[in-house]
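1. generate a structure from the sequence data that follows.
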Amino acid sequence: MTIKFNDVVKLAAARHTLPCVRSIVFDGKSAMCVAPLDWVVGVPCLQPALTEPVVVPVAAVQAHLLKSRHLVVMPDHLSNGQGLVTPFNAGKIDYSPVLDMLPKPPQGDAVSFDLELNALDRVLIAAGEQDIRYYLNGVLFDLTNGMLVGTDGHRLHCYRNRVPMAFKRKVKRGVPVSAVVEVIVGRDPLRWIVGSSSAGAKVTIWDAQRSEKIQNQSPAQILLQTDDAFVWVRKAIEGRFPDFARVIPAVTSRPVWMQIDPVKLADTMSAMGKVALLKSEGKYSWVLVDFGKGEVSLDGEGMPIAVNLASDLDGIDLESLADDLWIGVNAPYLQDVADCVTPAAQWRVDHTNCRNQSLLVTDGDFSGVVMPCRIDGPVKVAPVAQDAPEEPETAPAEPCPAAVAALVAQVVDKAQESAKKAPRKARKAAPVAQIVQAEPVAA
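-> Numbering: from 1, shown residues only. From the prediction side, this is the model:
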């Protein structure tokens with residue numbers, strides 16, 4: 001996938017209360033759009049005829065592109081170089097506010113590093129979206145501990161060694177006395193740059209370190225550049241990101257773990273999530289994952305998954321745990337984390353209280369946490385004596401309509417066939433990063 005000029009046009013064409021914002025700025029080298037206001041996006045666009053920035057209404061650009069795919073920007077009109085002329089803005093709109101919003105490199109300290117877009121994609125998928133807790137609607141760049149984190153409160157994805165540990169904490173008598181340097185970058189601009197065809201982005205963060213002594217200090221600004229696009233975040237999300245380290249269980253607290261084919265698991269969760277939505281009439285997509293039995297199910301309908309049980313401790317009897325090694329989860333959440341890992345990933349549960357504790361997935365520098373859902377456990381069939389009288393047939397408490405039952409059967413059948421084909425994962429496995437750490441700066 002490549003970010004193109006048309007992507008900038010679509011973003012600029014979005015409705016906005018300020019007419020001047022529905023425009024594209026050409027500076028001779030790039031085509032930029034400030035429609036989201038808090039962030040500016042752009043793509044390379046050489047226009048040799050321009051010696052200074054020109055603001056063109058997006059309506060004029062769209063009208064021109066309907067007649068010709070060749071776009072030559074002149075100070076007062078658009079051309080295709082073959083006689084077609086499209087004039088624009090004959091003094092009707094004041095575009096000076098748009099020019100004022102163009103990126104201007106700050107004068108403060110900056111931290112620069114290379115970031116894998118695959119890693120950013122895996123973390124971004126777990127970030128909040130329109131959450132009332134606004135600080136969750138983005139990705140955390142922890143420049144003290146070198147962590148990249150995204151969470152919506154129900155799941156968490158994070159990477160170590162993807163951002164530099166550029167700011168050390170001051171320590172007094174073995175106790176940190178300075179704050180961790182963190183920057184929260186909004187979800188929307190990151191989602192836009194992830195669409196680049198480049199493998200990585202050059203990230204530059206200005207004024208990441210906040211000072212309590214400076215009044216009205218400007219928020220951090222972030223620039224992400226790839227070969228085919230850039231996004232300039234004019235201000236980071238201000239707020240206190242939750243202590244994510246407390247949510248990630250220690251591996252030693254979960255000595256029982258599994259190895260599962262992530263591609264087939266993702267396919268299975270996709271199918272069973274649809275089953276759950278059908279049965280709940282679109283209310284939820286919770287399913288039961290029985291690691292001991294090797295099955296994903298809901299109300300007796302299930303699909304098998306291959307699970308290899310293992311333990312870090314020799315004294316644990318895995319066979320005796322099989323009956324209670326299950327957890328209820330949101331199917332799309334488990335599908336997302338399965339898309340982010342390789343077959344070498346370890347899926348760890350708390351074998352002493354599996355159903356009420358989170359699921360921890362580790363794969364190299366990547367960690368994923370999925371919180372449990374309240375759901376009934378596996379149905380256990382009690383043995384019936386041979387001379388026991390037959391129980392009268394009773395109608396189920398919540399009968400499922402025949403049409404829904406037929407659809408559920410179709411979904412399960414199709415999913416079982418597609419699971420055998422092992423479709424390609426949505427996200428490629430990211431190798432362990434070998435980044436050059438920035439020089440530490442005293443916080």
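
2. ok, which stretches of the stretch 301-443 of the chain are strands?
-> For the stretch 301-443 of the chain, the strands defined by DSSP state E, counting those that start in this stretch occupy 301-304, 307-311, 326-330, 346-349, 359-363, 366-370, 441-442.

3. rank those by mean pLDDT and give me the bottom one.
-> Set side by side, the strands of the stretch 301-443 of the chain give their lowest mean pLDDT on strand 441-442, at a mean of 43.

4. nearest to C340, out of the strands of the stretch 301-443 of the chain?
-> strand 366-370 (6.4 Å; CB to CB). For glycine as for every other residue, the C-beta is placed from the backbone atoms N, C-alpha and C.

5. mind listing residues that contact that closest one?
-> Contacting residues not belonging to strand 366-370 are listed as 119, 122, 126, 154-160, 247-249, 329-330, 333-334, 337, 340-341, 345, 358-362, 430 [CB atoms under 8 Å, 6 or more residues apart in numbering].

6. what pairs with it, and is each one parallel or antiparallel?
-> strand 155-160 (antiparallel), strand 359-363 (antiparallel) (DSSP bridges).

7. and the angle from that strand to strand 326-330?
-> 90 degrees (axes from the mean of the first three to the mean of the last three CA atoms, to 10 degrees).

8. ok now strand 366-370, how far from the chain's centre?
-> When C-alpha coordinates are averaged (CA atoms, centre = their mean, to the nearest Å), strand 366-370 and its chain have centres 12 Å apart.

9. any buried residues in that strand, and which?
-> 366-370 (16 or more other CB atoms under 10 Å).

10. could you dump it to CSV, C-alpha only?
-> In CSV, the C-alpha atoms belonging to strand 366-370 read as follows (Å, rounded to 0.1, in the frame of the first residue of the first chain):
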residue,chain,number,x,y,z
PHE,A,366,6.2,-8.0,21.7
SER,A,367,3.8,-8.5,24.6
GLY,A,368,0.0,-8.6,24.4
VAL,A,369,-2.5,-8.7,27.3
VAL,A,370,-6.2,-9.6,26.8
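
11. show me the domain layout of this protein.
-> 5-100, 110-244, 251-377+403-421 (automatic domain parsing).

12. quick one: average pLDDT of the second one?
-> Right, domain 110-244. 90.

13. gap between the two ends of stretch 68-85?
-> Terminal residues of stretch 68-85 lie 10 Å apart, using CA to CA, to the nearest Å.

14. for the record, mean pLDDT for that stretch?
-> Per-residue scores along stretch 68-85 average to 92.

15. next one: stretch 49-61
-> On average, stretch 49-61 scores 93.

16. list the buried residues in that stretch.
-> Buried-residue list, stretch 49-61, by 16+ other CB under 10 Å: 50, 54-58, 60-61.

17. quick one: contacts of it?
-> 9, 12-13, 20, 22-28, 71-75, 78, 86-89, 93, 95, 98-99, 102.

18. state the distance from the nearest residue to A331 once chain neighbours are set aside to L190.
-> Once flanking residues are discounted, A331 sits nearest to G273: 3.1 Å by CB to CB, 6 or more residues apart in numbering. Note on G273: its distance to L190, by CB to CB, to the nearest Å, is 25 Å.

19. now I248
-> Taking CB to CB, one finds I248 at 21 Å from L190.

20. these two - which one has more neighbours?
-> Remark: of I248 and L190, L190 carries more neighbours, 24 against 16, as counted by other CB atoms under 10 Å.

21. mind checking pLDDT for the closest residue in space to D323 that isn't next to it in sequence?
-> Closest residue in space to D323, ignoring its immediate chain neighbours: G292 at 6.0 Å, by CB to CB, 6+ apart. pLDDT recorded at G292 is 90.

22. neighbours around the residue lying closest to W286 once chain neighbours are set aside, how many?
-> Using CB to CB, 6+ apart and skipping residues adjacent in sequence, the residue nearest W286 is C373, 4.4 Å away. Residues contacting C373 under the criterion other CB under 10 Å number 18.

23. now do P75
-> 10.

24. equivalent analysis for T17, please.
-> Neighbours of T17 under the rule other CB under 10 Å: 5.

25. quick check: it is in a helix.
-> No - in this structure, T17 is coil, not part of a helix, as judged by DSSP: H, G, I helix; E, B strand; the rest coil.

26. show the contacting residues for D376.
-> Listed by CB under 8 Å, 6+ apart, the contact partners of D376 are L288.

27. before we move on, back to that, surely the residue nearest to W286 and N330 touch.
-> Yes - using CB atoms under 8 Å, C373 is in contact with N330, at 5.9 Å.
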